[in-house]
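>>> curious how this folds, go ahead:
(2 chains)
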Amino acid sequence: MVCRVDVISCEGLTKRFGPAVAVNGLDLAVSSGQVYGFLGPNGAGKTTTIRMLLGLIAPSAGQIYLLGRHLPDPRAVAQAGAMIEEPAFYPWMTGRVNLEVLGATGGGCGPGEAARVLHLAGLADVAARKVKTYSQGMRQRLGIAAAMLGRPSLLIIDEPTNGLDPAGIREMRGVLRGLAAEGTTVFLSSHLLAEVEQVCDRVAVIVGGRLVEEGVPAMLGTIRRRVRVEVAATDAQAAARLLARWRARHANGHFLVEHDSGRDVNGVLVAGGVVAESVIVERPGLEDRFLEITGKQDARAVAAGS
Amino acid sequence: MLWLLVAELRKLIRPLVWGTGLVITGFCLLITWGGANNARGALASPRIPDVCARAATAQCRQVVAHAHAAARTAAAATSLLAQPGEIGHVAAGMLASVPGLLLIALIAGGHWGGEWGSRTIRHLLARQGRRTLVLAAKWLTIWAAGVAALVCCWLVLAVVAPLIAAAAGLPAAHASMWAGLGSSASAAGRAVIVLGLFAAVGTAAGAIARGQLATTAITAGSMLLALLVAGITSIGRLSPASFVQAWMNFDTAGYLPTNFWSRFVSGGQQPGELAGLLGIVLTGAIAAAIARWRFSADVTV
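Numbers count the residues shown, from 1 in each chain, chains lettered A, B, ... in the order given. Down below sits the predicted model:
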């Protein structure tokens, strides 16, 4: 019975391993047809969340609705294609037989389905080779091919471009966008922020098991512009005093001022008798924003610990 | 379920399974070769007490005649056992005893424990979330591999054992090639049940150990421990190994061993055949319950 509109919906999702809290009250909503990026530093709880979505581990608290079904429900998991961390296969089998076996495990795929996904993943030429002879990039492609078996309405992929060369990454980006255009929802975890920025419709940032930011990638990147100011070394002290009205950091002869107007910043400096060498308004990319968010969270964690 | 079984059976097409099956079949052939040679040796020089070796008393002549007769009887029994019909007892007995246990332990380690070691369990469960079905498929396919080894072993022995007996110069069996086929088939049927028990223990071991080597070790170790316990007179009859002994009703005839089990089991009061079967079923059910309980835990590999 379909009871939710979102393809993935998590409410207060929590996972504890003994005293350690890996995921803490996570709320997520992924709509149909989206490519949804899931970002976070190592140990943030991304893989734990994906494992809970796939029913590999049980949540300590909270609810998960996958494709409208309340987990645990094997029927929902069976409708999702997944690649978790480094894909693992049976090395004594060929790539094609591995896919056929995986397809049969889930209840069987139509004839030609393995060939279709092998072609999509660019592995048609090596389909008859044993997996133990595959390179890491080939295994990664095979993992994505396996996830696409049976045309699932939801793809959950962990680090899809690991081990791929630049051409492969571009191809994979095209494949993911193509799947989304056909209506497949893609939930991908990645540390390649530029990748996420180019591919995803929405992005969630998780740190310390908590969701700290969620929105469209462009919004995350531009929500707080900043001004980079370069001054002569002799003016640095005066500039620091003048710029103290905003959050500002001084590093390598530059000030990074958390403000969106270069005109305001320059005006204050000029009024204080400091002539800047340069004033540049920056629109931080997702990477800067990500580091800023995760840095803050780390600092909070340190403060809480002390 | 049928698709899942097909997938699991395809995974069995691997060098580990072929290799283990070949080793078991080779072992059965070696045992047959050894049994035939022992019978030939006994025919040539029966076991005569030293005191009668050179004595010519009437009593000693009687002892020597008796020894020759016993050797001929044992050689004839060995020759009969080496016929295609009767040799099923050897195949069934071997597969339902320690060699079969080791075969199942190795296959369970590779086929089930290996899913954890190679981390393929993640993809398996991501495509098939019904863990009870996965367990059932693993159990059935490990069992099927054991049954296939039994059939293969019997077929190879049926072809080669008569040749070995003839080459050893054993007396003719004086029976149809297919004499004893019915009782062999019955023994093989019983062995299939025992292989099911071994497979259940292997499935539980995989769910507990979550690794290839550990699965093999726990499967073999637990049943060998049961075999050791079966040797203790006071409690031996409650051991799963005693249930197997009672169900298989292992005995020996001639020089060709039909099992590697009965010699470890206490000679004390043993359960009956039906009690043995019930014990096997109960032990299998306990193994299944343990497997289900352990397999419901988080998969973190």
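>>> okay, CA-based contacts and neighbour counts for the rest of this
OK.
>>> quick one, what contacts residue 34?
All of this refers to chain A. Counting by Cα atoms under 8 Å, 6 or more residues apart in numbering or on different chains, A:Gln34 makes contact with A:180, A:184-187, A:200-202.
>>> looking at chain B here, not the other one
Neighbouring residues of B:Gly34 by Cα under 8 Å, 6+ apart: B:Leu256.
>>> quick check: buried residues in the helix or strand where it lies?
Using DSSP states H and E, B:Gly34 sits in helix B:15-44. Using 16 or more other Cα atoms under 10 Å in any protein chain shown as the test for burial, helix B:15-44 gives B:17, B:20-21, B:24-25, B:28-29, B:31-40, B:42-43.
>>> end to end on stretch B:39-51, go ahead and measure it.
23 Å (Cα to Cα, to the nearest Å).
>>> what's in contact with it?
Under Cα under 8 Å, 6+ apart, the answer for stretch B:39-51 is B:63-64, B:67-68, B:71-72, B:74-75, B:78, B:168-170, B:254-255.
>>> among those, which ones are in strands?
Among these, no member is found in strands (DSSP state E).
>>> got these as TSV, with distance to B:Lys11, neighbour count and pLDDT columns?
Shown next, in TSV, are these (distance: Cα to Cα, whole Å; neighbours: other Cα atoms under 10 Å in any protein chain shown; pLDDT from 0 to 100):
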residue	distance to B:Lys11	neighbour count	pLDDT
B:Val63	59	17	85
B:Val64	58	19	84
B:Ala67	53	19	86
B:His68	53	19	85
B:Ala71	48	23	85
B:Arg72	48	21	85
B:Ala74	44	22	82
B:Ala75	43	31	84
B:Thr78	39	28	82
B:Ala168	41	19	83
B:Gly169	44	16	82
B:Leu170	43	24	81
B:Gly254	40	22	72
B:Tyr255	39	24	81
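>>> returning to that earlier point: out of the contacts of A:Gln34, which is most surrounded?
Compared across these, A:Val186 has the highest neighbour count, 30 neighbours, by other Cα atoms under 10 Å in any protein chain shown.
>>> of the contacts of A:Gln34, which is the nearest to chain B?
The closest of these to chain B turns out to be A:Phe187 (Cα to the nearest Cα; 14.7 Å).
>>> contact residues of the stretch 51-200 of chain A facing chain B?
A:54-58, A:73-75, A:77-78, A:80-84, A:87-90, A:92, A:100-108 (Cα under 8 Å from any Cα of the partner chain).
>>> still on that earlier bit, what's the farthest-apart pair in the contacts of A:Gln34?
Greatest spatial distance among the contacts of A:Gln34 (Cα to Cα): A:Thr184 and A:Arg202, at 14.6 Å.
>>> list the contacts of residue 187.
No chain in the question, so chain A it is. Contacts of A:Phe187 (Cα under 8 Å, 6+ apart): A:30, A:34-38, A:154-157.
>>> actually chain B
Per Cα under 8 Å, 6+ apart, neighbours of B:Ala187: B:88-89, B:92-93, B:248.
>>> pLDDT wise, what is it at?
The score at B:Ala187 is 94. That number is its pLDDT.
>>> buried sites along the particular helix or strand that has it in it?
Following DSSP H and E, one finds B:Ala187 within helix B:181-209. By neighbour count on 16+ other Cα under 10 Å, the buried set for helix B:181-209 is B:181, B:184-188, B:190-209.
>>> any weak-confidence spans in the stretch 1-150 of chain A?
Along the stretch 1-150 of chain A, segments meeting pLDDT under 70 span A:1-5.
>>> just the strands in it please.
Applying DSSP state E, counting those that start in this stretch to the stretch 1-150 of chain A gives strands spanning A:8-17, A:20-30, A:35-39, A:61-66, A:69-70, A:80-83.
>>> again with the stretch 51-200 of chain B
So, for the stretch 51-200 of chain B - with DSSP E, counting those that start in this stretch - there are no strands.
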